[in-house]
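S.K.: prediction below, plus the sequence it came from.
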Amino acid sequence: MDLREYGRVLIRRGWIVIVVAMVGALGALLFSRIQTPIYRSTITLLVSASRPSDYGQGLAIKNSLRQYGKQLQTKTIAQQVIDQLQLDIPPEKFLGGVEVSANEADTTLDIAVKDANIDKVQSMAQTLAEDFVILHQQDNLQVDQNDRLLVTILDNAAPPEKFAPKTTINVIAGGILGALAGVIAIFVIEYVQSGYIRKPEDVERVLKLNVLGTIPTINTKDATPKQQPTLKRETSNVTPTPS
């Protein structure tokens, strides 16, 4: 089929695409509604040098950012946060909702904590950052004051925001995937029915012969001969007058 034929097929069976797209969007909506909402709170740590003009300390900060990120995701500090907030979850589950990203350009650590408990997730992020700062300060006691790297909290943890499910995005994605599935279904149907002879072009394709003419379809109602009206001769009822 050429592009025009493909276009005619899509127009003729376009309702399939619409129906399947609506089903996909509705399914994504229902899936999003039954999911447990997940909330996220973020907080940022700043890593700075005790001697800002020291080039060596600047390099040390960049090398230490990844190390600090790993320390923030250890079971030890996770258990410490769990004990402080009296959370009823194992350290593995707590760490499953923790993400840490290091930014070498501004020497910061972005901490994001995700959890289904909207009342606790902000405290989880704040406590995790505070405990790490305290832990780092304790480590600094063993380092010369001029060589210390300082870790401070730029701002308190942000209020929780809904992270998942993203209902709008899911519905749009479901509709798009449904539409694509509908298009595929249309061409599968066309492929299956390609062996059917429905048009003169199909006869030429199968028999390799040119169609010289076609017999039109006759409506059986039109083909029924109409009953001819009968003519009745009227007789005169006039009585002749005697002469």
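M.R.: Yep, it's here.
S.K.: okay, now the domains of this protein?
M.R.: 3-34+167-195, 38-164 (automatic domain parsing).
S.K.: quick one: distance of the one helix or strand S32 maps to to the chain centre.
M.R.: Assigned by DSSP states H and E, S32 belongs to helix 14-34. Its chain's C-alpha centre and that of helix 14-34 lie 12 Å apart, by CA atoms, centre = their mean, to the nearest Å.
S.K.: pLDDT averaged over it, what's the number?
M.R.: Averaged across helix 14-34, pLDDT comes to 91.
S.K.: then that helix to CSV, C-alphas only?
M.R.: Taking Å, rounded to 0.1, in the frame of the first residue of the first chain, the C-alpha atoms of helix 14-34 are listed here in CSV:
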residue,chain,number,x,y,z
GLY,A,14,-9.7,5.6,13.1
TRP,A,15,-12.3,4.8,15.8
ILE,A,16,-10.1,1.8,16.9
VAL,A,17,-7.3,4.2,17.7
ILE,A,18,-9.6,6.5,19.6
VAL,A,19,-11.2,3.7,21.6
VAL,A,20,-7.9,2.0,22.5
ALA,A,21,-6.3,5.4,23.4
MET,A,22,-9.2,6.1,25.8
VAL,A,23,-8.9,2.7,27.3
GLY,A,24,-5.2,3.2,27.9
ALA,A,25,-5.7,6.6,29.5
LEU,A,26,-8.5,5.3,31.7
GLY,A,27,-6.3,2.3,32.7
ALA,A,28,-3.4,4.6,33.6
LEU,A,29,-5.8,6.8,35.6
LEU,A,30,-7.1,3.9,37.6
PHE,A,31,-3.6,2.5,38.1
SER,A,32,-2.5,5.9,39.5
ARG,A,33,-5.5,6.2,41.8
ILE,A,34,-4.9,2.8,43.5
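S.K.: elements contacting that helix?
M.R.: helix 167-192 (3 or more CB pairs under 8 Å, 6 or more residues apart in numbering; DSSP states H and E). Heads up, the C-betas are built off the backbone N, CA and C, glycines and all.
S.K.: in the helix it packs on, what's buried?
M.R.: N170, V171, G174, G175, L177, G178, A179, A181, G182, V183, I186 (16 or more other CB atoms under 10 Å).
S.K.: and these, which two are furthest apart?
M.R.: Farthest pair in these (CB to CB) is N170 and I186. Separation: 24.6 Å.
S.K.: list the contacts for R33?
M.R.: Residues near R33 by CB atoms under 8 Å, 6 or more residues apart in numbering: T167.
S.K.: same check on A21?
M.R.: Here A21 is in contact with G175, I176, G178, A179, G182 (CB under 8 Å, 6+ apart).
S.K.: can I get those in a markdown table with pLDDT and distance to P37?
M.R.: As requested, the contacts of A21 are arranged in a markdown table below (pLDDT from 0 to 100; distance: CB to CB, whole Å):
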| residue | pLDDT | distance to P37 |
| --- | --- | --- |
| G175 | 94 | 22 |
| I176 | 95 | 24 |
| G178 | 93 | 24 |
| A179 | 93 | 28 |
| G182 | 90 | 31 |
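S.K.: pLDDT of stretch 64-74, averaged?
M.R.: 92.
S.K.: who touches that stretch?
M.R.: Contacts for stretch 64-74 (CB under 8 Å, 6+ apart): 45, 47, 77, 95, 98, 100-104, 107, 109, 111, 128, 132, 135-136, 149, 151.
S.K.: if you set the cut-off to 7 Å instead, what comes out?
M.R.: Identification of contacts with stretch 64-74 by CB atoms under 7 Å, 6 or more residues apart in numbering yields 47, 77, 95, 98, 100, 102, 104, 107, 109, 111, 128, 132, 149.
S.K.: wait, the second one touches F132, no?
M.R.: Pointing back at I77 there. Yes - shown here, I77 and F132 form a contact pair, counting by CB atoms under 7 Å, at 6.4 Å.
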